[in-house]
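K.L.:
model this:
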Amino acid sequence: MRFKISALNVANFGTGIVLTLGVPSVYAKQLETLTSDFVANQEWELKKYKQKRSLSANAYLWVLCDKLADKLRTTKEEIYRHIIDQVGVFEEIKVNSPEAGQRFKRIWQQNGLGWMTKTINETTILAYYGSSTYDSKQLSRVIDFLQAECVNQGIEVRPSWEVEAMLKEWK
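P.N.:
Down below sits the predicted model:
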């Protein structure tokens, strides 16, 4: 659920911190449903909402992958996976056993093309996120890297101001 906070109060009652949010009344029913799900000792995350990147930026990413693939005689999917491996977002995951690591990798990779894994050792895995989860800053890094690769191959790219406009489109 997404909403704008109109007021915020924090109080420390010794047993814990109480967070009071002032939220427009149009969200009352949704908040009532949400708070009925709260259970003691359960973890929840409250974070600032970031709008997803624009489709034009995503489309441009794939245009660049396709141009590079054509030049290098490979597939745009291989180019994409290479870029994610080089500059993509990942987390280090610890597992209890090699078997657990294999299960994790199999399940993780089912999320999509960019959801890759690298095994560091029997209990440590790097889990890469696909670009569909990236914010504009992360996607900008990927597009910058792709554009540099294209320029190195003599492929024409869009001017930086145009790319910046695509990445800001979501704001």
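K.L.:
Val18: what secondary structure?
P.N.:
Of the three states, Val18 takes strand under DSSP: H, G, I helix; E, B strand; the rest coil.
K.L.:
For Ala57, pull up the helix or strand it's in.
P.N.:
Per DSSP states H and E, Ala57 falls inside helix 55-72.
K.L.:
Show me which residues of that helix are buried.
P.N.:
Buried positions in helix 55-72, judged by neighbour count with 16 or more other C-beta atoms under 10 Å: 57-58, 60-61, 64-65, 67-69. Just so you know, the C-beta spots here come from the backbone N, C-alpha and C atoms, and that holds for glycine as well.
K.L.:
Tell me who's in contact with Thr119.
P.N.:
If you count contacts by C-beta atoms under 8 Å, 6 or more residues apart in numbering, Thr119 has them with 101, 105, 125.
K.L.:
do you know how far Arg103 is from Gln109?
P.N.:
11 Å (C-beta to C-beta, to the nearest Å).
K.L.:
Between these two, point out the one with more neighbours.
P.N.:
Of the pair Arg103 and Gln109, Gln109 is the one with more neighbours under other C-beta atoms under 10 Å, namely 15 against 12.
K.L.:
Spell out which residues make up each domain of this protein.
P.N.:
Here the chain is described, according to automatic domain parsing, as comprising the domains 1-49, 55-168.
K.L.:
Let me see the mean pLDDT of the longest one.
P.N.:
Right, domain 55-168. Looking at domain 55-168 alone, the average pLDDT works out to 93.
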